[in-house]
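[1] Got a predicted structure plus its sequence, pasted below:
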Amino acid sequence: ADCPLSPSQSLLFLGLVAAVCLGLNLLFLTVYLICLCCCKRDQEPETKRPHSCCVTWMAVTAGLICCAAVGIGFYGNSETNDGVYQLLYALDHANHTLTGIDSLVAGTTLQMRVGLEQHLVRLNELLAARGDYLQTLKFMQQLAGSIVLQLSGLPVWRGTSTDLTALAGHIAYVEYYRWLAYLLFFILVLTVCLLACLGLAKRSRCLLTTMLCCGLLTLILSWASMAVDTAAAVGTSDFCVAPDKFIMNQTESDISAEVVHYYLYCDQSLSNPFQQALTVFQRSLTTMQIQIQGLIQFALPLFPTAEKDLLGVQQLLNSSETSLHQLTAMLDCRGLHKDYLDALIGICYDGVEGLLYLVLFSLLVAASFSTIICATPRAWKHFAGRDRDYDDMDEEDPFNPQARRIATHNPARGQLRSFCSYSSSLGSQSSLHPPAQTISNAPVSEYMNQAVLFGGNPRYENVPLIGRGSPPPT
């Protein structure tokens, strides 16, 4: 049965699935934050410390998951990069082989049509006195035409080579920016995790606010990267299931199916489609070498002026024989088939494996940052609760840490006020009017100033009761 969706529609569907997952994730975070803000803020004092521990462990767990995700992402990015560059190397090597085949065919054809033809025309003029020699030269000309005919039957790889070059350049361009983008994404993830740690450690609301904004951005980017990586992995896997069919469909208009099948499978049972052309080439070349050797042996003593052209023909045939051997090796299926297998291994094993690790990285980052975003409001409320506890403390309480810090900066506030008013009111109530006692505050002030001068806080318990203006005992 045919698939109702085309490959492009299937990849688009995967992107839509990732977008739906992102929407659900943001919806969950929104509902969670709304519920957290609407819940009762008055909690028992003994319940604050468990919430603080919960926030701490959530932050620690999210940080560990984030670090593990970055490590997995680095490995996946490296594997994908290695697979793509193995594919590029195979494409470049195959392109070099195809270009070499076209170059050898063009060079040999040029030698047979131009170089050999020029020598044979001059030899026809020099050996015109001997009909048998002219017959030999005519036969050699026919053999050269046969070689040119066989070479013209070979496929021209110029269009395929151009397509491979363009494909390799496009893949290299995309891969470079993909690798760089993921590297920057890893740095962003680590930076946001560092902001979260610093915000919780320093109890900085500014850092937590910055981290929350960057965390939402990172969460969106993680789901987007997961959509792209999933689509790329699925598309590549579909190609790797039947790569031969895809290649044959792409090259059916340029190269014959027999040639493509020969290079894709490279089975010993398959006949070489170029075997007949190469065999005719070799036999014609061997026959021409025998004929020119006979002319050098018998005609050269009679016609010494033909030596240059005869040796020129012999050298040209030797060069063509070298080109024949190189062409035979390049047209053999083993070289291009090896490049084909290397490209498949690079893209279907290392590349897909790296993409799957990147998908796992995106999922872990989404989970860790969702946890961090959920923990941030609780940390914010915990900070606010601690600030309210400090604000509720009495500034005159000597055991209040803030009062001690204020006393250090404002020593004058550390001195006690006189309680004479208390004693006066007590006397008026009992209708007793004892003589007023003049109590000097000089020892108290001197003691306080000395205590502050030597860097210590004034300790009230060390001041004598008489100097402190205390009421009389009842």
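    Everything's here; your move.

[2] make it CA atoms for all contacts and neighbour counts henceforth
    Will do.

[3] Quick one: end-to-end distance for stretch 294-304.
    Start-to-end span of stretch 294-304 (C-alpha to C-alpha, to the nearest Å) is 15 Å.

[4] who's in contact with it?
    126, 127, 133, 306, 307, 310, 311 (C-alpha atoms under 8 Å, 6 or more residues apart in numbering).

[5] from the residues you listed, which ones fall inside helices?
    Among the contacts of stretch 294-304, the members found in helices (DSSP state H) are 126, 133, 307, 310, 311.

[6] hmm, which of those residues are the buried ones?
    126, 133, 307, 310 (16 or more other C-alpha atoms under 10 Å).

[7] would you turn the ones in helices among the contacts of stretch 294-304 into a markdown table with distance to residue 371?
    Formatted as a markdown table, the ones in helices among the contacts of stretch 294-304 follow (distance: C-alpha to C-alpha, whole Å):
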| residue | distance to residue 371 |
| --- | --- |
| 126 | 95 |
| 133 | 95 |
| 307 | 91 |
| 310 | 87 |
| 311 | 85 |
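
[8] farthest pair in the residues you listed?
    Using C-alpha to C-alpha, the ones in helices among the contacts of stretch 294-304 span at most 15.6 Å, a distance reached by 133 and 311.

[9] quick one: low-confidence parts of the stretch 51-200 of the chain?
    Along the stretch 51-200 of the chain, the model assigns pLDDT under 70 to residues 51-53, 55.

[10] Closest one of the buried ones among the ones in helices among the contacts of stretch 294-304 to residue 264?
    Scanning these for proximity to residue 264, where the rule is C-alpha to C-alpha, the winner is residue 310, at 44.0 Å.

[11] Skipping adjacent residues, who's closest to the closest one in space?
    Ranked by C-alpha to C-alpha, 6 or more residues apart in numbering and with sequence neighbours excluded, the top spatial neighbour of residue 310 is residue 296, at 6.5 Å.

[12] Export the contacts of stretch 294-304 to CSV and append columns for distance to residue 347.
    CSV is the format used below for the contacts of stretch 294-304 (distance: C-alpha to C-alpha, whole Å):
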residue, distance to residue 347
126, 62
127, 63
133, 61
306, 60
307, 58
310, 54
311, 52
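
[13] now, among the residues you listed, which is nearest to residue 238?
    residue 311 (58.8 Å).

[14] Now do stretch 141-151: everything it contacts.
    So stretch 141-151 is contacted by 105, 109, 112-113, 117, 120, 277-278, 280-281, 284-285, 288 (C-alpha under 8 Å, 6+ apart).

[15] These, buried ones only, as a ChimeraX selection?
    Buried residues within the contacts of stretch 141-151, by 16+ other C-alpha under 10 Å, are selected in ChimeraX with:
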select :105,109,112,113,117,120,277,278,280,281,284,285,288
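
[16] Next one: the closest residue to residue 257 other than its chain neighbours from residue 159, what distance?
    Nearest non-adjacent residue to residue 257, counting by C-alpha to C-alpha, 6+ apart: residue 248, 6.8 Å away. Using C-alpha to C-alpha, one gets 15 Å for the distance from residue 248 to residue 159.

[17] swap in residue 376?
    59 Å.

[18] which of the two has more neighbours?
    residue 376 (23 against 11; other C-alpha atoms under 10 Å).

[19] if I read this right, the more buried one contacts residue 206, doesn't it?
    No: using C-alpha atoms under 8 Å, residue 376 makes no contact with residue 206, being 11.9 Å away.

[20] where's residue 189, which helix or strand?
    According to DSSP states H and E, residue 189 maps onto helix 158-202.

[21] Centre of the chain to the next helix or strand after that helix, how far?
    From helix 158-202 onward toward the C-terminus, using DSSP H and E, the following helix or strand is helix 205-241. Put simply, helix 205-241 sits 12 Å off its chain's centre (C-alpha atoms, centre = their mean, to the nearest Å).

[22] Return the list of helices and strands in contact with whichever helix or strand comes after helix 205-241.
    With elements assigned by DSSP H and E, the helix or strand that comes after helix 205-241 is helix 243-251. Where contact means 3 or more C-alpha pairs under 8 Å, 6 or more residues apart in numbering; DSSP states H and E, helix 243-251 is packed against helix 257-265.

[23] Can you check what angle separates the helix it packs on from helix 243-251?
    Using axes from the mean of the first three to the mean of the last three C-alpha atoms, to 10 degrees, the direction of helix 257-265 lies 150 degrees away from that of helix 243-251.

[24] mind checking how far helix 257-265 is from the chain centre?
    With C-alpha atoms, centre = their mean as the basis, helix 257-265 stands 35 Å off its chain's centre.

[25] Stretch 133-149 too?
    Counting by C-alpha atoms, centre = their mean, stretch 133-149 comes out at 61 Å from the chain centroid.

[26] in that stretch, what's buried?
    Residues of stretch 133-149 classed as buried: 133, 134, 136, 137, 140, 141, 143, 144, 145, 146, 147, 148 (neighbour count, 16+ other C-alpha under 10 Å).

[27] these two touch, right, residue 119 and residue 309?
    Yes: using C-alpha under 8 Å, residue 119 is in contact with residue 309, at 5.5 Å.

[28] Next, show the common contact partners of the two.
    In contact with both residue 119 and residue 309: no residue, using C-alpha under 8 Å, 6+ apart.

[29] Counting by contacts, list what the helix holding residue 189 packs against.
    Helix 158-202 sits against helix 48-110, helix 205-241, helix 352-392, with contacts defined as 3+ C-alpha pairs under 8 Å, 6+ apart.

[30] now those helices in CSV, with distance to residue 27?
    Compiled in CSV, those are given as follows (distance: least, C-alpha to C-alpha, whole Å):
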stretch, distance to residue 27
helix 48-110, 20
helix 205-241, 12
helix 352-392, 11
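
[31] For residue 178, find the nearest of those.
    helix 48-110 (9.0 Å).

[32] elements contacting that closest one?
    With contacts defined as 3+ C-alpha pairs under 8 Å, 6+ apart, the packing partners of helix 48-110 are helix 131-152, helix 158-202, helix 307-331, helix 333-345, helix 352-392.

[33] Would you tell me which of the ones you listed gets closest to residue 26?
    Per C-alpha to C-alpha, nearest to residue 26 of the helices and strands packed on helix 48-110: helix 352-392, 8.9 Å.

[34] okay, and for the stretch 351-474 of the chain, where does confidence drop off?
    For the stretch 351-474 of the chain (pLDDT under 70), the answer is 378-474.

[35] swap the cut-off to 80 and go again
    373-474 (pLDDT under 80).

[36] Can you tell me the element residue 254 falls in?
    Using DSSP H and E, no helix or strand contains residue 254.

[37] any idea how far residue 156 is from it?
    According to C-alpha to C-alpha, residue 254 and residue 156 sit 9 Å apart.
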